[in-house]
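Colleague: sequence-free structure coming up:
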């Protein structure tokens, strides 16, 4: 079965590429996979990147550069029926790095457009993604409200905190992914389970150095321009060992940062060559661009893309800051592949190794402790 897929907040195509990689043929010869039906994002460079790499067609008319509030969700002449829905709703108001305004922020309520699409199309399955900080935003009430709406829309849901370094991604990137199977299908025996980690042990996890250097990045690879580094920044970095940041005790006084209240661990932080990278981000000022473990410079966008598991021939459209943003905001394709392949195997009736969801995200614990009772929810 090939699922006709709709995608909101598509980004440059991390989830979509993961969906392509998840395709397989079962023992009977039937193909299982996802086919793009329509998608949207509000950023022009991001949409062009998606069209170029996922659809191989910059003139494609099924990927819309449009604010989601104006996107014609439910207009089936423009946006036809779908079997699956995927949406990495914006994380800005849920990230633990920010102010965590949650549902009270500008971006916080945008998950509701996913709910709108679920009500309009009743897809067999949906996959929603957000930062780990979602579980603590609004003192935990944001996540509960979101899950409550997903369930009341008619889905059996399995939320889980995926630690992507445990799934073959060379980066300590922790994200909540919620998979929902439509109730009528769930009660017929289609039960999604969290796929078991493929690299649960630290000694098996891919390191930053291996991801960036093995094999070497081709000289003609796109988005690989070496960033400019000022003499002062290079000198400061020369005193910072790998794995340490701008507050390393060995930095001379004249090169230390004197920013009141700023102790973010990622500022001028070098990678540790022998561990997965810390989280690739898409924005931030001086000192937040990720730094090489050995060379006194920030990473190139291609090096960041490798940490996000995009292939070298995946070309990002836009200037350096636009590309940086696209890479940092994307879902790692390799991580998305693991989850989406488990979704396909669930529907195909193929067994796979699985684990229980993260304890604090198990619905009995999460909803029950807050006095919320959802009628008809089979836990």
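Modeller: Perfect, I can see it now. Just so we're clear, the structure is a prediction, and the values are computed from it rather than from any experiment. Numbering: from 1, shown residues only.

Colleague: show me how far the longest strand seen in the chain is from its chain's centre.
Modeller: Looking across the chain with DSSP state E, the single longest strand is strand 31-41. Relative to the chain's own centre, strand 31-41 is displaced by 17 Å; criterion: CA atoms, centre = their mean, to the nearest Å.

Colleague: what strands line up against it, and which way round?
Modeller: Sheet pairing for strand 31-41, assigned by DSSP bridges, gives strand 2-8 (parallel), strand 24-25 (antiparallel), strand 63-65 (parallel).

Colleague: which parts of it are buried?
Modeller: Within strand 31-41, the residues scored as buried using 16 or more other CB atoms under 10 Å are 32, 33, 34, 36, 37, 38, 39, 40, 41. Where you see a C-beta, it was placed from the backbone N, CA and C, and this is true even at glycine.

Colleague: what do you get for stretch 220-231?
Modeller: Using 16+ other CB under 10 Å as the test for burial, stretch 220-231 gives 221, 222, 223, 224, 229.

Colleague: that one - what's its average pLDDT?
Modeller: Mean per-residue pLDDT for stretch 220-231: 95.

Colleague: how long is that stretch from one end to the other?
Modeller: Taking CA to CA, to the nearest Å, the first and last residues of stretch 220-231 lie 27 Å apart.

Colleague: give me the contacts around that stretch.
Modeller: 217, 237, 289, 296-303, 305, 312-313, 315-316, 320, 323 (CB atoms under 8 Å, 6 or more residues apart in numbering).

Colleague: out of those, name the ones that lie in helices.
Modeller: Within those, residues falling in helices by DSSP state H are 237, 301, 302, 303, 305, 320, 323.

Colleague: residue 72: which of those is nearest?
Modeller: Closest approach between those and residue 72, by CB to CB: residue 323, at 29.2 Å.

Colleague: show me what contacts the closest one?
Modeller: Going by CB under 8 Å, 6+ apart, residue 323 touches 45, 223, 301, 316, 317.

Colleague: so what does the closest residue to it other than its chain neighbours have for phi and psi?
Modeller: Of all residues not flanking residue 323 in the chain, residue 316 sits nearest, at 4.2 Å (CB to CB, 6 or more residues apart in numbering). Main-chain torsions, residue 316, degrees, to the nearest 10: phi -90, psi 140.

Colleague: residue 316: neighbour count?
Modeller: Residue 316 has 27 neighbours, counted by other CB atoms under 10 Å.

Colleague: number the residues from 780 up from this point.
Modeller: I'll keep to 780 as the first residue from here, and by that count the last item is residue 1095.

Colleague: residue 1109: which of the buried residues of stretch 999-1010 is nearest?
Modeller: Distance to residue 1109 across the buried residues of stretch 999-1010 (CB to CB) is lowest for residue 1002, with 12.9 Å.

Colleague: chain neighbours aside, what residue packs nearest to that closest one?
Modeller: Residue 1002 sits nearest to residue 1080 (CB to CB, 6+ apart), 4.2 Å away.

Colleague: surely that neighbour and residue 1106 touch.
Modeller: Yes. Under the criterion of CB atoms under 8 Å, residue 1080 makes contact with residue 1106 at 6.1 Å.

Colleague: so which of those two has more stuff around it?
Modeller: Under the criterion of other CB under 10 Å, the comparison of residue 1080 against residue 1106 puts residue 1106 first, with 27 against 24.

Colleague: residues contacting the residue nearest to residue 1102?
Modeller: Shown in contact with residue 1095 (CB under 8 Å, 6+ apart): 791, 824, 828, 1001, 1002, 1080, 1084, 1101, 1102, 1105, 1106.

Colleague: 10 Å - rerun?
Modeller: Going by CB atoms under 10 Å, 6 or more residues apart in numbering, residue 1095 touches 791-792, 824-825, 827-828, 831-832, 1001-1002, 1080-1081, 1083-1084, 1089, 1101-1106, 1109.

Colleague: same check, this time on residue 783
Modeller: 813-817, 859-863, 900, 902-903.

Colleague: what's the pLDDT at it?
Modeller: At residue 783, the model reports a pLDDT of 98.

Colleague: measure the nearest residue to it once chain neighbours are set aside to residue 857 for me?
Modeller: Leaving aside its chain neighbours, residue 783 sits nearest to residue 816 (4.4 Å; criterion: CB to CB, 6+ apart). According to CB to CB, to the nearest Å, residue 816 and residue 857 sit 11 Å apart.

Colleague: fine by me, thanks again.
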